[in-house]
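In: Pasting the sequence and the predicted coordinates here, then a few questions.
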Amino acid sequence: MTGLHDVELRAVTRRFGDVAAVDALDLAVVKGEFLSLLGPSGCGKTTTLRLIAGFERPDAGVVLIDGSDVSRLPPYRRPVNTVFQSYALFPHLSVVDNVAYGLKQRSIPRRDRRARAQEMLELVHLRDVSSRRPRELSGGQQQRVALARALVMSPKVLLLDEPLGALDLQVRKALQIELKRIQETVGITFVYVTHDQEEALAMSDRVAVMNRGRIEQLAPPQEIYDTPATEFVAAFIGDTNFVDSPTGRLAVRPENVRLTRAGEGSEGTVVVRMVVGAAVQCVVRLDDGQEVLTRTQRSGDTVAESLTEGERVMVSWGSDAALDLTGGSAR
């Protein structure tokens, strides 16, 4: 199994006082994959990344990179590199010299290191600004320089600690696409930490949803969204209705809820209706007191588009649209 994985954590625990930030964690990262560690603040995702990087040492368990136990090795002796939210670029150096800096520390000849740095700048679409100083670049450009500086060292694994968190929404979305493209081009294993579920689902081959120092679910994004393994995952990923039914507690996505003026289903009253971009959202209070959020794409002829607050409706969903949290899918 080890030969298939670039990173393995085996029963790794890291405590800070009485708190287990990472609790007997098992994780295997497949060679060449883009894996995201996703979860709320305090779930252990950044500590897990720091354990892989060597900035933290486990109190128990082992960390392996490319099959070798690195649990007690310092960061500079591990075949990894880390990109942080803060760019940490040298302000007095040009872009190309920032990228080449690590190669200089390895005593790579100047011509060779500049050539390799220029190749990385080409990869991140920044070769035309190679002579500029960091202050002359936008935030998104500076983050791409930091990425090129990490990639030029040819790490076995690239660790990314919320690298897009300080950027505005449009730049962040553009860089999500760039990061995925770059990862597929270079074929290096990426381990990415984020609290942004949309970001993780968009870029990752697999997502590890963490909670209280453990992994609640590790699976491809579509599986995480469609079949959450626990109520925590269902609540954290996207919007979810939790409905108590005669068969048990159900999780139903708002887009899977149907609204009709008559027919089968549960009766309720529309208490909120709003247009959100291309969709109409309604909150319906069922006659038993439970509230259900619905989301319908606008097409000009849906029931949701013509509803008004206070109107009576029927609420239903397909037999395969609800997850029975007491075990299996349910109606």
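Out: Structure received.

In: which residues does residue 211 contact?
Out: 39-40, 43, 232, 236 (C-beta atoms under 8 Å, 6 or more residues apart in numbering). Any C-beta I mention is one placed from the backbone N, CA and C, and that applies to glycine too.

In: Out of the residues you listed, which is nearest to residue 157?
Out: Checking the contacts of residue 211 against residue 157 by C-beta to C-beta gives residue 39 as the nearest, at 19.9 Å.

In: ok, back up a step: out of the contacts of residue 211, give me the one that has the most neighbours.
Out: When neighbours are counted by other C-beta atoms under 10 Å, residue 39 leads the contacts of residue 211 with 29 neighbours.

In: show me where the stretch 151-300 of the chain has strands.
Out: Ranges of strands in the stretch 151-300 of the chain, per DSSP state E, counting those that start in this stretch, are 157-161, 189-194, 206-211, 214-219, 241-245, 248-252, 257-260, 266-276, 279-286, 291-297.

In: Strand partners (parallel or antiparallel) of the shortest one?
Out: Sheet pairing here is set by DSSP bridges, and for strand 257-260 it gives strand 312-317 (antiparallel).

In: helix or strand right after the partner strand?
Out: Sequence order places strand 322-324 as the next helix or strand after strand 312-317, per DSSP states H and E.

In: what comes up buried for that following strand?
Out: Using 16 or more other C-beta atoms under 10 Å as the test for burial, strand 322-324 gives 322-323.

In: Show the average pLDDT along it.
Out: Strand 322-324 shows an average pLDDT of 87 in the prediction.

In: tell me what it is packed against?
Out: Strand 322-324 is packed against strand 248-252, strand 329-330, with contacts defined by 3 or more C-beta pairs under 8 Å, 6 or more residues apart in numbering; DSSP states H and E.

In: Those strands: which one's closest to residue 213?
Out: Among the helices and strands packed on strand 322-324, the nearest to residue 213 by C-beta to C-beta is strand 248-252 (23.8 Å).

In: one step back: mind putting the helices and strands packed on strand 322-324 into a markdown table with mean neighbour count, mean pLDDT and distance to residue 282?
Out: What follows is the helices and strands packed on strand 322-324, written out as a markdown table (neighbours: other C-beta atoms under 10 Å; pLDDT from 0 to 100; distance: least, C-beta to C-beta, whole Å):
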| stretch | mean neighbour count | mean pLDDT | distance to residue 282 |
| --- | --- | --- | --- |
| strand 248-252 | 19 | 91 | 14 |
| strand 329-330 | 16 | 40 | 23 |
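
In: Just put these in a markdown table and tack on distance to residue 113.
Out: Shown next, in a markdown table, are the helices and strands packed on strand 322-324 (distance: least, C-beta to C-beta, whole Å):
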| stretch | distance to residue 113 |
| --- | --- |
| strand 248-252 | 53 |
| strand 329-330 | 56 |
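
In: Out of those, which is closest to residue 207?
Out: strand 248-252 (17.4 Å).

In: Which residues does the closest one contact?
Out: 228, 231, 234, 240-244, 292, 317, 321-327, 330.

In: filter those to the buried ones?
Out: So, by 16+ other C-beta under 10 Å, the buried ones in those are 228, 234, 240-241, 243, 292, 317, 321-323, 325, 330.

In: Could you work out the most separated pair of these?
Out: Spanning the widest gap among those are 228 and 292, at 17.7 Å by C-beta to C-beta.

In: got a list of what the most centrally placed residue in the chain touches?
Out: In the chain, the residue lying closest to the centroid (C-alpha atoms, centre = their mean) is residue 200, at 2.3 Å. The contact partners of residue 200, taken as C-beta under 8 Å, 6+ apart, are 36, 38, 192, 194, 207, 221.

In: do the same with residue 147
Out: Residues in contact with residue 147 (C-beta under 8 Å, 6+ apart) are 83, 124, 163, 179, 182.

In: List the residues that contact the third one.
Out: With contact taken as C-beta under 8 Å, 6+ apart, residue 163 is in contact with 83-85, 143, 146-147, 179, 192.

In: which among these gets closest to residue 253?
Out: Checking these against residue 253 by C-beta to C-beta gives residue 192 as the nearest, at 24.6 Å.

In: Tell me, how many residues neighbour the closest one?
Out: Residue 192 has 26 neighbours, counted by other C-beta under 10 Å.

In: so where's the chain shaky on pLDDT?
Out: Within the chain, the ranges that satisfy pLDDT under 70 run 1-3, 327-331.

In: How many neighbouring residues does the nearest residue in space to residue 94 that is not next to it in sequence have?
Out: Nearest non-adjacent residue to residue 94, counting by C-beta to C-beta, 6 or more residues apart in numbering: residue 131, 5.4 Å away. Neighbour count for residue 131, taken as other C-beta under 10 Å: 10.

In: Does residue 131 lie in a helix or a strand, and which?
Out: When elements are assigned from DSSP H and E, residue 131 belongs to no helix and no strand.

In: Double-check it against residue 97; I have them as touching.
Out: No - the pair residue 131 / residue 97 is not scored as a contact, 9.4 Å apart, by C-beta atoms under 8 Å.
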